[in-house]
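Peer 1: how would this look folded up:
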Amino acid sequence: MRVAGTPSYTALSINNINMWIRADGLSNSSPSGDYGIRYPRWSGDFMNSSFGPPAVYMDGLVWGGKAYRDSALTRPAPGQLIRIGGGEFVVGTQAGRVIGFGSVAQAENPQASDVRVVRIRRDYTEQDGTDWGSSAIRWDSMIINEIFLNSVTGTMFFSVFQQYEKDWKEWPVNKGAPFIDRNANGVFDPPPPFGMAFTAESLITGNFDEPGVAGADLSKPADQVIWTVSNDLDTTLVRSFANSEPLGLEIQRTIWGYKSRTERLLENVYFVRYRIINKGGVDTSEALGTQPGSLWIDSLYIGQWSDSDVGAPGNDVAGFDTLLSLGFTYNGEKTDDQFTHGFAPTAVGYDILAGPALLSPGESGIVGFRRQQNVRNTPASAFISWGPSDPLQSPEGAYETNAGMWWKALRGFLMYGDINSPDVRHPNGPFMFTGDPTTLTGWVDGLGTPNSWFPGDKNTLASVGPLQLAPGDTVELYVGVVIGQGADRMSSLAVMKANDRQMQSFFDRELQPAAPPSSPVVTTSALDREIILEWGLEHAAIERTETSIKGGVYAFEGYTVYQLPSVTAHLSEATRVATFDKPNGIRYVKGDVYDYTSGFYVSTLLQTGSDGGIRRSLRIDRDMIAQIQTGEPTPLYNGKEYYFAVTAYNVNTVIGQVPASMESTPVVVRVKPRIPFGQQVTTKYGDTLAVDHVAGLGKGSVAPIVVDPLLGTGDSYRLTFQPSAVDSLTLTIENFTRNAIIVSGLKMKDLQEVSMGVPGGIHIGLSVGTFSEADTFEYNIPAPSANRALENESVKRIGVFPNPYKAEISGWTMYGGRQRQYVTFNNLPQRAVIRIFNLAGHLVRMFRKDDASQFFEWDLLNEDGWLVASGIYICHIDLPDLGSQKVLKLAIISAQ
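Peer 2: Modelled structure (predicted):
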């Protein structure tokens, strides 16, 4: 590969699939003639052992249509009416675009310095050349040079880096390469050069244009993009493929892929857009000599051809899933000697993501990576499979047989006879092998019968059509290539189809990743044997969580509260405490989850709602984990630490898209129930405070509901309504005891749907009655009682637990022990000085506490860091703010 000048080959290398493309359109064949795709990318020790087993030997684009010299389609093109182009093992196209249209159209010089395949990855400058173990450029160098990682040299590394830089700066927008038009002015404005202060992220934050591909969300561009253009104006090359004449087409290929993101299954797919333009420059005269011009193409079919070799090439079977528009190849036998190290044979698929768009009022389709109205994408129209050991054989020979067999295959007819032979279609229709291989129902391949051939070396062709292509017209075909690997060959097929559903949904969302809602901001309050979780106070966070439509289709649905066994536990280990969801009829949310035992995806209940409405707080007085374990109601214990998380989840509003739902990342909170020191609450969770309607004629009512009894201050508050041009009425809340505005701009409609948290430990809710802009309400939030008598009672409750302390694990060591050993002092005020003495009166340890927690832990180490011995210890606790003391005895029994 010529890295510094005009490279003819390059590879997509951004994720788990490596694919090759040559500037003239030869696809998925490496420069050395090796397999185009190997998956997994390597086998065993990638540093110096072989690459992974084969998945695809080669693929390509094939087209065919009827050529005419007039728009009425009455004057056939000279020589051949039916013309076939494209390529498989031999390509009939040359590198370069077509310059001009019609009679002046001519092929670009394929040897010109700017006629090359170009490749970008937007983070290329952020790859550290000194970190050879993780540098993506080093991995690229290994792939591009078809060597092992240990063989990559600094020169190779620098050459790949230089080519990335050259292609980024010389991205051929003028020839048709796609770009991201962030300033929406319709032209490509080259971004500033990369540097220390300008990175790939700066392109997004600064709203700069950049080379590459993005869909509806311009902040989510593809991570790696390849572009090349070819044409069929070299008659000799065109004839070398199918002995056919050219049609005058320019073919632009855009290939792109993604690194690991929220949808990890995108690591196992890549995308291709074929853009075919009827530019002309072909002979349109029946007379002697050449009269260049354009042809009208009727009954045009475009097909994605593949020679997929899953491991060994002689034991594969093929199929087509009509619901997924997916042609696929998988292993026909349980094992394959190409797959070692415990890997199961993979499955490979080619998905017709979107065919060319046709006018269709009231429908929508994808054009130019975006969804447009009043068009529809042409669906797949045929799928054919053939191979050396099958009744259908590869096209070859003179025009009549070679082009004839392709013409039949593109339209879904059996490849018998020649171009003049009658078309014969299989009784089951134009799509072969559409049955279910997992249940062996329907028409499946690989059974060794007249209609189900033996496993072998399979070629497949998935087509779309018929279409018309007038001079100057353009059509687009989007294809996705997907691979899956499971526990065995059949689960690999299931995994591949699951990956495909993910890929198709991502494509249909205009390349927007599925994303969960923003995580709610949770606060906690600890009371006597109860805990209060609250996530309704941060109004901006609520709006981010509940109003954003993620990925264009994911709408907020509800909150789920979990109890976890530890602060580091995974959500799969958690116990669901409650779910609060919208009252919209969506109660049960199901989705496919991979089952590692069976190796298949199974339908799983993801969320269980009640249609009970959204709440943003919860009082908890039961240990749900212990209750499930014992079968008995289990209260919370003061001083014991509990772990909870509140997540938000959404649902996909488009039926059939995957994933069906996304859940926010759990943020675990830890909390210990306790009796508040020196305080006695005067309200409880859920109480509704008294309200005075002091002004206005509205008939609605205001409901201040207590959430956290400890946050009341005794102050009085005034709630007033103001007109708003946007939201009818908004609210302002004023603490008129302190003459301070605490909340302004609250939307009335939000409070009518669900109560909203406001300062003072309450949630405000509104009735469905009418309000006027003059309405004013006043209420008081009682403060907890606090006096010296309550403080003295709290001092009496100061203690230490467990007491006696008995080590449960012998062999504990100070460093890296299996169990953290400690005792906890409880019911402490803000400030305390704790001194621990042995019975001889020697000071063992001293601590100064100054925080809001009522708990303090001693790790059973003395001042020198040694574990204390068994015995009785005197704990002297000074309370400087109260002028009082507390003395405790603590028994410690060390491990034997």
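
Peer 1: in the chain, which helix or strand is least confident?
Peer 2: The weakest-scoring helix or strand in the chain, judged by mean pLDDT, DSSP states H and E, is helix 748-753 (a mean of 69).

Peer 1: Can you get me a residue count around the spatially closest residue to residue 724 that is not a sequence neighbour?
Peer 2: Leaving out its chain neighbours, the residue that sits closest to residue 724 by Cβ to Cβ, 6 or more residues apart in numbering is residue 730, at 4.6 Å. From N, CA and C alone the C-beta is placed, and that goes for glycine too. For residue 730, the neighbour count with other Cβ atoms under 10 Å is 19.

Peer 1: Residue 479 too?
Peer 2: 23.

Peer 1: quick one, what contacts it?
Peer 2: Contact analysis of residue 479 by Cβ atoms under 8 Å, 6 or more residues apart in numbering lists 271-272, 274, 304, 350-353.

Peer 1: Now the longest helix seen in the chain: average pLDDT?
Peer 2: If you go by DSSP state H, the chain has its longest helix at helix 489-508. The average pLDDT within helix 489-508 is 95.

Peer 1: And that helix, what does it pack against?
Peer 2: strand 269-278, strand 326-331, strand 347-354, strand 474-484, strand 588-595, strand 600-608 (3 or more Cβ pairs under 8 Å, 6 or more residues apart in numbering; DSSP states H and E).

Peer 1: same thing but 7 Å
Peer 2: If you count contacts as 3 or more Cβ pairs under 7 Å, 6 or more residues apart in numbering; DSSP states H and E, helix 489-508 packs onto strand 326-331, strand 347-354, strand 474-484, strand 600-608.

Peer 1: Model confidence for residue 728, exactly?
Peer 2: pLDDT for residue 728: 70.

Peer 1: which one is it nearest to, not counting chain neighbours?
Peer 2: Counting by Cβ to Cβ, 6+ apart, the residue nearest residue 728 is residue 748, at 6.3 Å.

Peer 1: Just give the number of residues close to that neighbour.
Peer 2: Burial of residue 748 is recorded as 17 neighbouring residues (other Cβ under 10 Å).

Peer 1: coming back round to it: the helices and strands packed on helix 489-508: lowest mean pLDDT?
Peer 2: What stands lowest among those, in mean pLDDT terms, is strand 600-608, with a mean of 88.

Peer 1: which other residues reach that one?
Peer 2: Residues from elsewhere that reach strand 600-608 (Cβ atoms under 7 Å, 6 or more residues apart in numbering): 491, 494, 498, 560, 579, 588-595, 649, 660-661.

Peer 1: what do you get for stretch 741-748?
Peer 2: The contact list for stretch 741-748, computed with Cβ under 7 Å, 6+ apart, reads 727-735, 756, 758-759, 766, 771.

Peer 1: Could you write out the alpha-carbon coordinates of it in PDB?
Peer 2: Extracted in PDB, the C-alpha atoms of stretch 741-748 (Å, rounded to 0.1, in the frame of the first residue of the first chain):
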ATOM      1  CA  ILE A 741     -37.300  34.400  46.900                       C
ATOM      2  CA  ILE A 742     -36.500  30.600  47.000                       C
ATOM      3  CA  VAL A 743     -38.100  29.400  43.700                       C
ATOM      4  CA  SER A 744     -39.200  31.300  40.600                       C
ATOM      5  CA  GLY A 745     -40.500  30.300  37.200                       C
ATOM      6  CA  LEU A 746     -42.000  26.900  38.200                       C
ATOM      7  CA  LYS A 747     -44.400  25.800  35.500                       C
ATOM      8  CA  MET A 748     -47.900  25.200  36.600                       C
END
